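Asker: how would this look folded up:
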Amino acid sequence: MRHLELWVNYYIRWNPRIKQQPNPVEQRYMELLALRDEYIKRLEELQLTNSAKLSDSSTSPSSPSQMLPHVQTHF
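Answerer: Have a look, this model is predicted:
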């Protein structure tokens, strides 16, 4: 019986028909990287539209809307 249990464990472990399950930590990491890329792309789009609006406006340079800091991402 003991030999059979070892063989079953061995067979299940090395069965090429069984699809390997993805590592949940690695999968979550990949999801977070994809989200980060989406957010960076969205941030760049918003910065471009914001800079276009600021250059088109004729308000004074001391207005609060033109004193927005540049957002940096540390990735």
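Asker: residues of the biggest helix by length in the chain that come out buried?
Answerer: What stands out as the longest helix in the chain, according to DSSP state H, is helix 24-56. For helix 24-56, burial by neighbour count (16 or more other CB atoms under 10 Å) applies to no residue. Every C-beta, even on glycine, is put in place using the N, C-alpha and C of the backbone.
Asker: show me where pLDDT drops low in this structure?
Answerer: 1-16, 58-75 (pLDDT under 70).
Asker: mind redoing it with 90?
Answerer: 1-24, 51-75 (pLDDT under 90).
Asker: Only C-alpha atoms, please: export stretch 34-45 in CSV.
Answerer: Written as CSV, here are the backbone C-alpha positions of stretch 34-45 (Å, rounded to 0.1, in the frame of the first residue of the first chain):
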residue,chain,number,x,y,z
ALA,A,34,-0.5,45.8,-16.5
LEU,A,35,-2.5,48.2,-14.3
ARG,A,36,0.6,50.3,-13.7
ASP,A,37,1.2,50.6,-17.5
GLU,A,38,-2.5,51.6,-18.1
TYR,A,39,-2.3,54.3,-15.3
ILE,A,40,1.0,55.6,-16.7
LYS,A,41,-0.5,55.8,-20.2
ARG,A,42,-3.6,57.6,-18.8
LEU,A,43,-1.4,60.0,-16.8
GLU,A,44,0.6,60.9,-19.9
GLU,A,45,-2.6,61.5,-21.9
